[in-house]
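> Need coordinates for the following:
(chains A, B, C and D)
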2 protein chains.
Amino acid sequence: METANLTSRQTLLLKLIVHEHVQTASPVASRAIVENYEVGISSATVRSEMSKLEELGYLTQPHTSAGRVPTESGFRYFVERLMEDQTLSLTKQRMIAHQFYQTRDNLKEWMPLAASVLAHTSRGTALITSPHAKRARYKHLELINTHGRAVLLVLVLHGGTVEQQMLALPRSLTQTELSETAEQLNRLCHGFSTLEIKQQLAQVPALETDILQVVISLMQKVARMPSNDIYHHGLPQLLQEPEFAAAKGSSAKLIRAIEENNQLRAIISDALSPLNEIGSIRVIIGGESKWDALRACSLVMTRYGVANYATGALGILGPIRMSYGRTISVVRFVASILNELVYDMYRPTAEDLPSTRKINSLAG
Amino acid sequence: METANLTSRQTLLLKLIVHEHVQTASPVASRAIVENYEVGISSATVRSEMSKLEELGYLTQPHTSAGRVPTESGFRYFVERLMEDQTLSLTKQRMIAHQFYQTRDNLKEWMPLAASVLAHTSRGTALITSPHAKRARYKHLELINTHGRAVLLVLVLHGGTVEQQMLALPRSLTQTELSETAEQLNRLCHGFSTLEIKQQLAQVPALETDILQVVISLMQKVARMPSNDIYHHGLPQLLQEPEFAAAKGSSAKLIRAIEENNQLRAIISDALSPLNEIGSIRVIIGGESKWDALRACSLVMTRYGVANYATGALGILGPIRMSYGRTISVVRFVASILNELVYDMYRPTAEDLPSTRKINSLAG
DNA sequence: AATTAGCAATCGAGGTATAAGAGTGCCAAT
DNA sequence: ATTGGCACTCTTATACCTCGATTGCTAATT
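The predicted structure follows:
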């Protein structure tokens, strides 16, 4: 990449053009720059610099007689070298923190709240997944009689992930019988991984085998899926941005991409990759992503939580022409709040550290 | 309403015009009728009949030199008197039934499956809520240690509704302590309503009071909300229908109406009203609904489940110009399957009948 | 050598006129 | 009562034109 060879005046202009374009959503003319900003040069000079920036690939013209628009590499350059770190205003930080503080005990509310905060503070759609434990280790099972043969199986894994599934048993059992069964399995499987439980299958009576099968499939589900649900919030406001309101075909594609969340899943699981350190923010600009439907969008994603215990992903899907500074600062701030909350809730205990003793005893 | 005074030829024509309009999505010309259908009359006659139907308010012209479009009352008349009952083809019925049969034990899968079937068989968006018990009566509580102070509270109500919430206790308890606490509360509260539990509050020690507060709020949540989640499926395909693809403003409104589901909630709770017998299908055509954003849409909703135990709502949100016959038949069929599944799963037992004795003993 | 003012050239957006096509409404004939 | 024929109406599509915005170039200036 030939990135270093911009004069200071060129970087200034690129910065201003990006800023102007983000605000106006339309191509930026040389005159607009000299009028709106106090650069001490004439529009002709701006034009000649612009054409150099265009040659370098940072700007482009929609048509001959239009102003310039930053290209994707233009935005990329801006994000990586020109953008100064922004922070949310203290008032805003306090407001947000307060909202989270009020729901700190109600894990279920975190996702919607975070999504809502992200969406309202940016102009895009917020995406977020629940915190999610990496390795699935059996901690506790509870069987609850609900009605007739229907039994609710609640499985708690080390790290705090809770999975539940309704299942129909071959015959109706009383709550006492169910509790005893659960207790038995809890003694048998505590701390075990999916594989280890499979090895237990041979030793347990028939009824419990059924239940263990469900337990295993749930644990595998946890391990396999990047995350259960992808909350999203603020899709309408993204679609009202001029770039989507105009081209109607693309908006349908975009909605589909978000509703059927296979594509989102890929993005999320990318963001959740352990390579992606917690605290680092990943910015994907337009066509840099592999998904056609998202060509017109940029993503600002990060991973949050406590590494090796429970992590989730959150971020914003917005127009390419978004205020990256502001977006990144919100994403970073919300992530930092969730980091604390997750740490508080899932505070690692000695009991949760992977028990090498047990693993070794099975391996031997 | 002056509905009875249509000649048989007029009803035939209205039927044909509706049919043609549903297919073409554009105004129907007199010539289109005589060409596509074997009516033994000329286009001039069709025209004169059309103008009579227009006077009666069943048809309208977008402009002078266009064909006719059924008005909302035209569709209403069609739905109530002209439409013949359709049934899904047996092959299709079997296919659908088979899919449900495979997930019969996995309650969680019902909603997505039903939504998917509804959406794929119609051209609209499927809406559906989980089956939901009417009166909230305490059946069983389970407290599960997950991590640190975080405890998962699982509350099972009579009728099979399961609510859960994570909560942070003031101090950390072992699973044994938690189980004992739960057991104690189970003995104390079994069969009680929200009100009755509130009266118990005075008699229990402090820690459990905290838990009971959560229990009460969960039970109230169950009783208050029409339903927890409204699944929807197939929004993109609705938006691709010509009437929405054209006017881009309306599609944004529609998305918002569905995403922020306050408005949907109102519709759903209307469909869930006990006045609406299970099996009856409610058709709301265009402006008949009170919600502006849904002016361009029709709703075909029904209530499913077992009355007085657990019921939910399902239906399709489609363009006014939808095939009501086909839509109604799918909605009816999917509802009938869910009726059976709910009945099987939540089969009423003697234990579930409201215990008048307990209630009286408290009232006295 | 860099900067700038001035100006011709370019292209899109928006408005207007025109032609084509689709459909009705009416009337006179059957 | 029905129908063929025809004039009338209105939409849609197309072409055309003008206006304004913006650039690129050139020659003059610093």
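> C-alpha only now, for contacts and for neighbours.
Noted.
> Kindly list the longest helix within chain A.
helix A:324-345 (DSSP state H).
> for that one, packing partners?
helix A:90-102, helix A:107-121, strand A:297-306, strand A:310-319 (3 or more Cα pairs under 8 Å, 6 or more residues apart in numbering or on different chains; DSSP states H and E).
> starting at the chain centroid, how far to the third one?
So that's strand A:297-306. Counting by Cα atoms, centre = their mean, to the nearest Å, strand A:297-306 is centred 4 Å from the centre of its parent chain.
> quick one: it to strand A:310-319, angle?
160 degrees (axes from the mean of the first three to the mean of the last three Cα atoms, to 10 degrees).
> Just the C-alpha atoms of strand A:297-306, please, in PDB.
The C-alpha coordinates for strand A:297-306 follow below in PDB (Å, rounded to 0.1, in the frame of the first residue of the first chain):
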ATOM      1  CA  CYS A 297     -22.800  -0.800   4.500                       C
ATOM      2  CA  SER A 298     -20.000  -0.600   7.000                       C
ATOM      3  CA  LEU A 299     -19.700  -2.600  10.200                       C
ATOM      4  CA  VAL A 300     -18.100  -1.500  13.400                       C
ATOM      5  CA  MET A 301     -17.900  -4.600  15.600                       C
ATOM      6  CA  THR A 302     -16.200  -5.600  18.800                       C
ATOM      7  CA  ARG A 303     -16.100  -8.500  21.200                       C
ATOM      8  CA  TYR A 304     -17.000  -8.000  24.800                       C
ATOM      9  CA  GLY A 305     -17.100 -10.000  28.000                       C
ATOM     10  CA  VAL A 306     -14.400 -11.900  29.800                       C
END
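> What strands flank that strand, and is each parallel or antiparallel?
strand A:281-285 (antiparallel), strand A:310-319 (antiparallel) (DSSP bridges).
> any idea of the mean pLDDT for it?
Strand A:297-306 carries an average pLDDT of 93.
> got it, and the longest one?
With pLDDT averaged residue by residue, helix A:107-121 scores 89.
> Toward the C-terminus from that helix, list the very next helix or strand.
strand A:125-129 (DSSP states H and E).
> if we can go back for a sec, which one of the strands paired with strand A:297-306 lies nearest to residue B:296?
Of all these, it is strand A:310-319 that lies closest to residue B:296, at 28.5 Å by Cα to Cα.
> Put the alpha carbons of the closest one into CSV.
Only the C-alpha atoms of strand A:310-319 are listed here, as CSV (Å, rounded to 0.1, in the frame of the first residue of the first chain):
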residue,chain,number,x,y,z
ALA,A,310,-18.2,-15.6,28.4
THR,A,311,-17.9,-13.3,25.4
GLY,A,312,-20.4,-11.8,23.0
ALA,A,313,-20.2,-9.5,20.0
LEU,A,314,-21.8,-6.2,19.5
GLY,A,315,-21.6,-3.5,16.9
ILE,A,316,-23.3,-1.2,14.4
LEU,A,317,-24.2,-1.8,10.8
GLY,A,318,-24.4,1.6,9.2
PRO,A,319,-24.0,3.3,5.9
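> what distance separates it from the centre of its chain?
So, by Cα atoms, centre = their mean, the centroid of strand A:310-319 is 2 Å from its chain's centroid.
> That one versus helix A:324-345: what angle between them?
160 degrees.
> can you give me the mean pLDDT across strand A:310-319?
91.
> which residues touch it?
Contacts with strand A:310-319, where a contact means Cα atoms under 8 Å, 6 or more residues apart in numbering or on different chains, come from A:118-119, A:122-134, A:159-160, A:227, A:238, A:241, A:243, A:268, A:271-272, A:296-305, A:327, A:331, A:335, A:342, A:346.
> Could you report the neighbour count for residue A:96?
17 (other Cα atoms under 10 Å in any protein chain shown).
> Just to check, it is in contact with residue A:117?
Yes. Applying Cα atoms under 8 Å, one finds residue A:96 in contact with residue A:117, separated by 7.3 Å.
> Residue A:290 - that's part of a helix, no?
No. Counting by DSSP: H, G, I helix; E, B strand; the rest coil, one finds residue A:290 to be coil, located in no helix.
> which residues of chain A fall in strands?
In chain A, the strands defined using DSSP state E lie at A:59-60, A:69-70, A:125-129, A:132-133, A:138-147, A:150-157, A:162-168, A:230-233, A:281-285, A:297-306, A:310-319.
> could these go into a markdown table alongside mean neighbour count and distance to DNA strand D?
Shown next, in a markdown table, are these (neighbours: other Cα atoms under 10 Å in any protein chain shown; distance: least, Cα to the nearest atom of the strand, whole Å):
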| stretch | mean neighbour count | distance to DNA strand D |
| --- | --- | --- |
| strand A:59-60 | 23 | 9 |
| strand A:69-70 | 27 | 9 |
| strand A:125-129 | 27 | 29 |
| strand A:132-133 | 26 | 49 |
| strand A:138-147 | 24 | 58 |
| strand A:150-157 | 23 | 57 |
| strand A:162-168 | 19 | 53 |
| strand A:230-233 | 22 | 34 |
| strand A:281-285 | 20 | 24 |
| strand A:297-306 | 26 | 24 |
| strand A:310-319 | 28 | 21 |
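> Flag every residue of chain A that's near DNA strand D.
Residues of chain A lying close to DNA strand D (Cα under 7 Å from any atom of the strand) are A:28-32, A:44, A:47-48, A:50-51, A:64-68.
> So which of those residues sit within helices?
Of the residues of chain A next to DNA strand D, the ones assigned to helices by DSSP H are A:30-32, A:44, A:47-48, A:50-51.
> For these, which two are the farthest from each other?
So, these by Cα to Cα: farthest apart are A:32 and A:51, at 15.7 Å.
> count of neighbours near the residue of the stretch 51-200 of chain A found nearest DNA strand D?
Closest residue of the stretch 51-200 of chain A to DNA strand D, Cα to the nearest atom of the strand: residue A:67 (3.6 Å). Residues lying near residue A:67 (other Cα under 10 Å) number 19.
> Would you list the phi and psi of it?
Residue A:67 adopts backbone torsions of phi -70, psi -170, taken as degrees, to the nearest 10.
> got a list of what the residue in the stretch 251-364 of chain A that DNA strand D sits nearest to touches?
Minimum separation of the stretch 251-364 of chain A from DNA strand D (Cα to the nearest atom of the strand) falls at residue A:321, amounting to 17.5 Å. For residue A:321, the contact set (Cα under 8 Å, 6+ apart) comprises A:21-22, A:25.
> Tell me the one among those nearest to DNA strand C.
Using Cα to the nearest atom of the strand, these come closest to DNA strand C at residue A:25, 13.1 Å.
> At the contact with DNA strand C, which residues of chain A appear?
Counting by Cα under 7 Å from any atom of the strand, the residues of chain A that sit close to DNA strand C are A:40-45, A:48, A:63-65.
> Tell me the buried residues within these.
residue A:43 (16 or more other Cα atoms under 10 Å in any protein chain shown).
> As TSV, the residues of chain A next to DNA strand C with pLDDT would be great.
Shown next, in TSV, are the residues of chain A next to DNA strand C (pLDDT from 0 to 100):
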residue	pLDDT
A:40	92
A:41	95
A:42	95
A:43	96
A:44	96
A:45	97
A:48	96
A:63	91
A:64	89
A:65	88
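> And the residues of chain A next to DNA strand C, which two are furthest apart?
Going by Cα to Cα, the pair spanning those furthest: A:40 and A:63, at 27.5 Å.
> wait, residue A:216 sits on residue A:197?
Yes. Contact criterion Cα under 8 Å: residue A:216 and residue A:197 qualify, at 7.3 Å.
> coming back round to it: in the longest helix of chain A, what's buried?
Result for helix A:324-345 [16+ other Cα under 10 Å]: buried residues A:324, A:326-339, A:341-345.
> Export only the CA atoms of that helix, formatted as PDB.
Extracted C-alpha coordinates of helix A:324-345, given in PDB (Å, rounded to 0.1, in the frame of the first residue of the first chain):
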ATOM      1  CA  TYR A 324     -16.700   6.400  12.300                       C
ATOM      2  CA  GLY A 325     -15.400   8.400  15.200                       C
ATOM      3  CA  ARG A 326     -18.700   8.700  16.900                       C
ATOM      4  CA  THR A 327     -19.700   5.100  16.100                       C
ATOM      5  CA  ILE A 328     -16.500   3.600  17.400                       C
ATOM      6  CA  SER A 329     -16.700   5.600  20.600                       C
ATOM      7  CA  VAL A 330     -20.200   4.400  21.300                       C
ATOM      8  CA  VAL A 331     -19.400   0.800  20.500                       C
ATOM      9  CA  ARG A 332     -16.300   1.000  22.700                       C
ATOM     10  CA  PHE A 333     -18.200   2.500  25.600                       C
ATOM     11  CA  VAL A 334     -21.100   0.100  25.500                       C
ATOM     12  CA  ALA A 335     -18.700  -2.800  25.200                       C
ATOM     13  CA  SER A 336     -16.800  -1.500  28.300                       C
ATOM     14  CA  ILE A 337     -20.000  -1.400  30.300                       C
ATOM     15  CA  LEU A 338     -20.900  -4.900  29.300                       C
ATOM     16  CA  ASN A 339     -17.400  -6.100  30.100                       C
ATOM     17  CA  GLU A 340     -17.900  -5.000  33.700                       C
ATOM     18  CA  LEU A 341     -21.400  -6.400  33.900                       C
ATOM     19  CA  VAL A 342     -20.300  -9.700  32.600                       C
ATOM     20  CA  TYR A 343     -17.300  -9.800  34.900                       C
ATOM     21  CA  ASP A 344     -19.500  -9.000  37.800                       C
ATOM     22  CA  MET A 345     -22.100 -11.600  36.900                       C
END
